[in-house]
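Engineer: What shape does this take:
(2 chains)
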There are 2 protein chains.
Amino acid sequence: MNRKQLFDLIKQKQTYLCVGLDTDLDKIPKHLLSEKDPVFEFNKQIIDATHQHCVAYKPNLAFYEALGPKGWESLQKTLEYIPKDIFTIADAKRGDIGNTSSLYAKAFFEQLNFDSITVAPYMGEDSVKPFLKFKDKWVILLAHTSNIGAADFQLIESKANGRRLYEEVMLRAQSWGSTDQLMFVVGATQADKIESIRKLAPEHFFLVPGIGAQGGDLELVSKFGMNEQCGLLVNSARAIIYASAEKDFAQAAKREAEKVSEEMKIYLNKYL
Amino acid sequence: MNRKQLFDLIKQKQTYLCVGLDTDLDKIPKHLLSEKDPVFEFNKQIIDATHQHCVAYKPNLAFYEALGPKGWESLQKTLEYIPKDIFTIADAKRGDIGNTSSLYAKAFFEQLNFDSITVAPYMGEDSVKPFLKFKDKWVILLAHTSNIGAADFQLIESKANGRRLYEEVMLRAQSWGSTDQLMFVVGATQADKIESIRKLAPEHFFLVPGIGAQGGDLELVSKFGMNEQCGLLVNSARAIIYASAEKDFAQAAKREAEKVSEEMKIYLNKYL
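Structural biologist: Prediction:
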């Protein structure tokens, strides 16, 4: 999916919600545990209930890897089940020397057919570039993350140019890939900085985790983060998919997704 | 495995070689492709041939993930096959918000029973700590990697204290975990710096990739990197496992592993 298609999808659905599929056997409703593949069954019902109210799904790889080969199968089935017009994000935070990153790219872009993958920038350009060689596939590079530890290294200021590490990452990476293949992760918990972060990359999409369970402010993020093509995918996982732990979990997820998307519709009209 | 056991193993075997299991269907001998599980069959024969000449095995996760659920199964079988007295490293370069890192830790330490995992530091303390909660399990944190892109961000000097990013990572991380649970990745291609890098973490083990195909210098690494408990695991993958692409691949791998280990024996006597 390219940037224009993504923006068209956002306009058509009037939402920039990404639903995080952090599917955890300890948290899904008990009655699903007797299914042959409880993780896929849960995802399937969540997707059925929410796909009209979101533009992206983001499975978090850790939840699938924790289940071994079976988890990988659940992930594969989930990817095949997601409607083709919805953007998919492998939240994998990979990044390694060139030949290894190439293999990760193949795993996620070809084997699983994800539209995008989150990548960690620590190892630099040659660890990121192999992911940028696939047409209409995206790298979503960690910039300023939503967790407390974001302050440990991402905020270090460079002696040479005064830039913080996440700023340097965002500026350098723009020479590696175009606005049609590179997004940045910017935590919603950094809402106070999102205005200045937007200036660093005016045209790029941002994947924004951290609203919902992590407490980020959707209006602030939207007001200061939106650009002319929306430029935002805001993720919510736990608050939506675990809205209920009972048999009504899918309807509850639908209600939550609808609620967030109604809020997003307002911001699209107000700030786009 | 704890640090004393690892050092005992090194003394007993007179080697600090780690064999990288970067098993690639495009590179393994053609006659194995008719096996039911070619990747496991290759690994099995490599392990049989080399286990007396190394102290660690390091499967690179990308090579297994690129094969989907089947790759995960090959990995699981490989882990079960590696002799229990040999140290195992999941070269996975993971790192995410706390609850996600906890799941990765479970996947690699409990589900697959690895002794250690490589972790990327970009997201800071709360992304690393969940991996440090497992007894006798290790985090191997990326510090100064072996690739060209290492220079992009790892060498940035801090305005606040003049430290380079990799130095800051190494110094900060030492307050997160002890020398019995934390190692650092230091590329052999940084051999000219290894003396100063050793001063930053005198007692920690370093995992050193980059000899062999990447061209690092084993004697320099050993001379300047060794500490009183050896403190080095030096990885070689392609130069050993792909020493021959014919039916004699296992014997060829054995010869290569023996050759490197004989050199290591000299350095252990000279520099330990």
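
Engineer: List the contacts of the longest helix seen in chain A.
Structural biologist: Ordering each helix of chain A by length in residues (DSSP state H) puts helix A:249-271 first. Taking contacts as CB atoms under 8 Å, 6 or more residues apart in numbering or on different chains, the residues outside helix A:249-271 that touch it are A:10-11, A:13-17, A:19, A:28-29, A:42, A:45-46, A:48-50, A:53-54, A:211, A:218-219, A:222-223, A:226, A:230, A:234, A:236, A:239-244, A:246. Where you see a C-beta, it was placed from the backbone N, CA and C, and this is true even at glycine.

Engineer: go on, stretch A:83-94?
Structural biologist: Counting contacts by CB under 8 Å, 6+ apart, the residues outside stretch A:83-94 that touch it are A:1, A:6, A:9, A:18, A:20, A:47, A:51, A:54-61, A:79, A:82, A:101, A:104, A:108, A:112-120, A:140, A:142, A:207, A:233, B:62, B:93-96, B:120, B:123.

Engineer: quick one: average pLDDT of it?
Structural biologist: The average pLDDT within stretch A:83-94 is 98.

Engineer: That stretch: which residues count as buried?
Structural biologist: Counting neighbours by 16 or more other CB atoms under 10 Å in any protein chain shown, one finds that the buried residues in stretch A:83-94 are A:86-94.

Engineer: Look up how far residue A:233 lies from the nearest residue to residue A:53 once chain neighbours are set aside.
Structural biologist: Nearest in space to residue A:53, with sequence neighbours left out and distances taken as CB to CB, 6 or more residues apart in numbering or on different chains, is residue A:257 at 4.0 Å. Plainly put, residue A:257 is 14 Å away from residue A:233 if you go by CB to CB, to the nearest Å.

Engineer: Same question for residue A:32.
Structural biologist: Distance, residue A:32 to residue A:233, by CB to CB: 28 Å.

Engineer: okay, the two: which has more neighbours?
Structural biologist: residue A:233 (24 against 17; other CB atoms under 10 Å in any protein chain shown).

Engineer: Wasn't residue A:71 part of a helix?
Structural biologist: Yes: when classified by DSSP: H, G, I helix; E, B strand; the rest coil, residue A:71 is found to be part of a helix.

Engineer: Please list all residues in contact with residue A:24.
Structural biologist: Under the criterion of CB under 8 Å, 6+ apart, the contact partners of residue A:24 comprise A:63, B:103.

Engineer: That one should be in a helix, yeah?
Structural biologist: No: counting by three-state DSSP, residue A:24 falls outside a helix, being coil.

Engineer: Just the pLDDT for it.
Structural biologist: What the model reports as pLDDT for residue A:24 is 96.

Engineer: Strands - which of the contacts of stretch A:83-94 land there?
Structural biologist: A:18, A:20, A:56-59, A:116-119, A:140, A:142, A:207, A:233, B:93-94 (DSSP state E).

Engineer: these two touch, right, residue A:128 and residue A:101?
Structural biologist: Yes: here residue A:128 lies in contact with residue A:101, judged by CB atoms under 8 Å, at a distance of 7.2 Å.

Engineer: Which residues are in contact with each of these two?
Structural biologist: Residues within reach of residue A:128 and of residue A:101 at once, by CB under 8 Å, 6+ apart, are residue A:95.

Engineer: pLDDT score assigned to residue A:215?
Structural biologist: The predicted local confidence for residue A:215 comes out at a pLDDT of 72.

Engineer: and what of the one 10 residues further on?
Structural biologist: The predicted local confidence for residue A:225 comes out at a pLDDT of 96.

Engineer: ok, it to chain B distance?
Structural biologist: When distances are taken as CB to the nearest CB, to the nearest Å, residue A:225 and chain B turn out to be 20 Å apart.

Engineer: Please name the nearest non-neighbouring residue to that residue.
Structural biologist: Nearest one to residue A:225, counting by CB to CB, 6+ apart, is residue A:194 at 4.6 Å.

Engineer: a helix runs through the one you found, doesn't it?
Structural biologist: Yes: counting by three-state DSSP, one finds residue A:194 located in a helix.

Engineer: Show me where the stretch 101-250 of chain A dips below the pLDDT cut-off.
Structural biologist: A:213 (pLDDT under 70).

Engineer: isn't residue A:28 right up against residue A:40?
Structural biologist: No: taking contacts as CB under 8 Å, residue A:28 lies outside contact range of residue A:40: 10.9 Å.

Engineer: was I right about residue A:79 contacting residue A:113?
Structural biologist: Yes: taking CB under 8 Å as the definition, residue A:79 is a contact partner of residue A:113 at 6.1 Å.

Engineer: Those two: which has the busier surroundings?
Structural biologist: residue A:79 (18 against 15).

Engineer: what sits against that one?
Structural biologist: Residues in contact with residue A:79 (CB under 8 Å, 6+ apart) are A:59, A:88, A:112-114.

Engineer: how close does it get to residue A:61?
Structural biologist: 12 Å.

Engineer: wait, doesn't residue A:184 sit right on residue A:207?
Structural biologist: Yes: the criterion here is CB under 8 Å, and residue A:184 meets it with residue A:207 at 7.2 Å.

Engineer: Mind listing the shared neighbours of those two?
Structural biologist: Residues touching both residue A:184 and residue A:207 (CB under 8 Å, 6+ apart) are residue A:140.

Engineer: in the stretch 151-272 of chain A, what residue is nearest chain B?
Structural biologist: Closest contact between the stretch 151-272 of chain A and chain B, by CB to the nearest CB, is at residue A:152 (3.1 Å).

Engineer: Tell me, how many residues neighbour that residue?
Structural biologist: The burial count for residue A:152: 23, using other CB under 10 Å.

Engineer: Then the one 3 residues further on?
Structural biologist: Residues contacting residue A:155 under the criterion other CB under 10 Å number 15.

Engineer: Leaving out chain neighbours, which residue sits closest to it?
Structural biologist: Distances taken as CB to CB, 6+ apart put residue A:164 closest to residue A:155, at 5.2 Å, once the chain neighbours are dropped.

Engineer: which bits of the stretch 151-272 of chain A sit near chain B?
Structural biologist: Proximity of the stretch 151-272 of chain A to chain B is confined to A:151-154, A:156-160, A:162, A:165, A:168-169, A:172 under the rule CB under 8 Å from any CB of the partner chain.
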